[in-house]
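Model the structure of this input:
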Amino acid sequence: MALIILLVIIAAVMFWVLSAYNGLIALKNQVLNAWKQIDVQLKRRHDLIPNLVNTVKGAMDFERGTLEAVIAARNRAVNANGVHDTARAEGELTQALGRLFALTEAYPDLKATGNAAQLQEELTSTENKIGFARQLYNDLATQYNTRQMQFPTSLVAGMAKASPAELWEIEDAGERAVPVVDLGAPRPPAA
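The predicted structure follows:
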């Protein structure tokens with residue numbers, strides 16, 4: 001009878017170890033998949049930017065510095081590796097695109113062409129998809145990190161080669177800034 005009880009205990013422990021191990025592996029793969037989904041959206045963003053720059057280049061010749069800043073930021077973003085570097089490079093690219101979008105507002109001819117407006121809309125849509133993909137990635141990475149640290153699963157984490165996943169964090173103060181919205185009455189122009 002003692003042998004049967006011992007075998008049941010050993011089987012239960014082995015079942016738990018296998019379950020914890022497989023759970024960590026599953027979460028690890030979900031985190032990797034979530035990162036690849038971000039990567040897909042970033043590639044789409046990176047592919048749209050040269051088209052936008054080429055579309056506005058003719059109308060904005062004297063804004064060459066802004067266009068060059070967008071291209072340089074895009075190149076840094078394309079070549080970034082890892083969550084931390086990618087987040088930083090993408091933050092710089094977002095700021096450069098924001099400056100470009102703000103400048104295009106000053107060019108009625110550009111706003112009238114459907115091509116520039118369509119590219120801006122596609123980039124905006126892609127930005128939203130990137131935001132959702134980053135949220136999913138951070139949710140899964142947090143769940144994976146938490147599971148690794150919880151006892152008794154932490155005893156199996158080494159066997160599963162589990163290591164903490166980096167979270168996508170906003171590093172740029174400009175991205176963290178809260179936009180100021182003034183819904184007050186319009187002011188008359190200064191005389």
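
for the helix or strand harbouring I5, the distance to its chain's centre please.
For I5, the element it lies in under DSSP states H and E is helix 2-57. Put simply, helix 2-57 sits 16 Å off its chain's centre (Cα atoms, centre = their mean, to the nearest Å).

So which other helices or strands are in contact with that helix?
Using 3 or more Cβ pairs under 8 Å, 6 or more residues apart in numbering; DSSP states H and E, the elements in contact with helix 2-57 are helix 64-78, helix 82-104, helix 114-149, helix 154-157. To be clear about C-beta, it is placed using only N, CA and C from the backbone, and glycine gets the same treatment.

For the residue nearest to E169 when sequence neighbours are not counted, give its distance to Q118.
What sits nearest to E169 in space, not counting adjacent residues and going by Cβ to Cβ, 6 or more residues apart in numbering, is A87, at 6.1 Å. The spacing between A87 and Q118, counted by Cβ to Cβ, to the nearest Å, is 28 Å.

residue ranges with poor pLDDT in the chain?
Along the chain, the parts satisfying pLDDT under 70 run over 58-62, 109-114, 171-191.

For the residue positioned nearest the centre of the chain, give me its contacts.
Centroid check for the chain by Cα atoms, centre = their mean gives R134 as the closest residue, at 4.0 Å. Counting by Cβ atoms under 8 Å, 6 or more residues apart in numbering, R134 touches 38, 168.
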